[in-house]
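Visitor: Show me how the following folds:
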Amino acid sequence: MSERALIVRHALTVLVVQWAVMAFGLADTVVAGRHSATALAALSVGSAIFVSVFIALTCVLQALLPLWAE
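Guide: Numbers count the residues shown, from 1 in each chain. Predicted coordinates:
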């Protein structure tokens, strides 16, 4: 398998995972929105906190990868 094909294969895998995460968020929003405005507000706050923590930890991990690779 060529290097380009391998990169495309991995990129498509990441793309499918990102679409699945977006679909999960959409389903959560639809369910919470149909329940009540309070549930939708709680989902928004929870999602904002989760994304903030997740991105911060991902950035720390990405910063440490070159150190571990040595």
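Visitor: can you give me the helices for the chain?
Guide: Applying DSSP state H to the chain gives helices spanning 3-35, 37-69.
Visitor: For those, give me CSV that also has mean pLDDT and mean neighbour count.
Guide: Any C-beta I mention is one placed from the backbone N, CA and C, and that applies to glycine too. Below are the helices of the chain laid out as CSV (pLDDT from 0 to 100; neighbours: other Cβ atoms under 10 Å):
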stretch, mean pLDDT, mean neighbour count
helix 3-35, 91, 11
helix 37-69, 90, 10
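Visitor: Look up how far A39 lies from I55.
Guide: Using Cβ to Cβ, to the nearest Å, I55 is found at 24 Å from A39.
Visitor: and what of G25?
Guide: 15 Å.
Visitor: Check A27 too.
Guide: Distance of A27 to A39, given as Cβ to Cβ: 14 Å.
Visitor: One more: D28?
Guide: Using Cβ to Cβ, D28 is found at 10 Å from A39.
Visitor: next one: T13
Guide: In terms of Cβ to Cβ, T13 sits 33 Å off from A39.
Visitor: One more: V14?
Guide: Distance from V14 to A39, by Cβ to Cβ: 31 Å.
Visitor: Before I go, just wanted to say thanks for your time.
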